[in-house]
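**Q** okay, predicted coordinates and the sequence, questions at the end:
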Amino acid sequence: MTKTKQDDRAIRQAIIWRIAALKEKRAEAAKMDQEIRKEQAEIDRLREELEQLTSKRKSLHVTDHAVVQFLSRKIGLDIDEIKHQILGTTEPITLPNGLFPVGEHRIRVVDGSVVTVIVEVTDVD
């Protein structure tokens with residue numbers, strides 16, 4: 001074989017090899033692009049979740065429990081006395097779920113806890 005034919009064959013082999021390598025790299029790049037899109041989607045999801053959490057924190061909420069603690073500790077309101085007035089007794093009692101009259105008000109019991117006190121409001125002239 002002549003030098004020219006050997007050079008020609010070597011160049012053609014190099015082109016074929018480089019085309020194959022390029023196809024492989026394109027396939028890897030496509031796979032990498034897909035992984036990048038997945039990671040970016042996860043980052044976007046986490047940023048949205050963080051935004052929702054921080055936006056909830058922007059508007060501070062005072063719970064009823066905090067109000068009761070404040071009334072008890074700062075103002076000196078006797079919470080135990082209020083509980084006795086709600087239940088109408090100082091003795092331990094058990095009630096099923098439901099709505100029960102106690103003096104001039106009613107209590108709603110759910111799973112052994114008073115969850116609502118209903119006081120009838122009368123018109124004052």
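**A** Received the coordinates, thanks.
**Q** and stretch 72-81, how far from the chain's centre?
**A** 34 Å (CA atoms, centre = their mean, to the nearest Å).
**Q** ends of it, what's the gap?
**A** When the termini of stretch 72-81 are compared using CA to CA, to the nearest Å, they are 11 Å apart.
**Q** pLDDT of that stretch, averaged?
**A** For stretch 72-81, mean pLDDT is 92.
**Q** quick check on the residue at minimal distance from the centre of the chain: phi, psi?
**A** Among the residues of the chain, Leu53 comes closest to the average C-alpha position under CA atoms, centre = their mean, at 7.1 Å. Per-residue torsions, Leu53: phi -70, psi -50 (degrees, to the nearest 10).
**Q** next up, the contacts around it.
**A** Contact analysis of Leu53 by CB atoms under 8 Å, 6 or more residues apart in numbering lists nothing. Yep, even glycine has a C-beta here, placed from its N, CA and C like the rest.
**Q** how close does it sit to Leu46?
**A** 10 Å (CB to CB, to the nearest Å).
**Q** ditto for Asp7
**A** 57 Å.
**Q** Glu39 too?
**A** 11 Å.
**Q** one more: Val110?
**A** 37 Å.
**Q** ok, Phe70 next?
**A** 37 Å.
**Q** again with Leu77
**A** 44 Å.
**Q** one more: Arg106?
**A** Distance from Arg106 to Leu46, by CB to CB: 48 Å.
**Q** looking at these two, which one has more neighbours?
**A** Arg106 (15 against 10; other CB atoms under 10 Å).
**Q** show me what the more buried one is bridged to.
**A** Pro101, Ile118 (DSSP bridges).
**Q** show me the contacts for it.
**A** Arg106 touches 99-100, 117-118, counting by CB under 8 Å, 6+ apart.
**Q** Lys83: which of the residues you listed is nearest?
**A** Distance ranking of these against Lys83, using CB to CB, places Val117 first at 10.6 Å.
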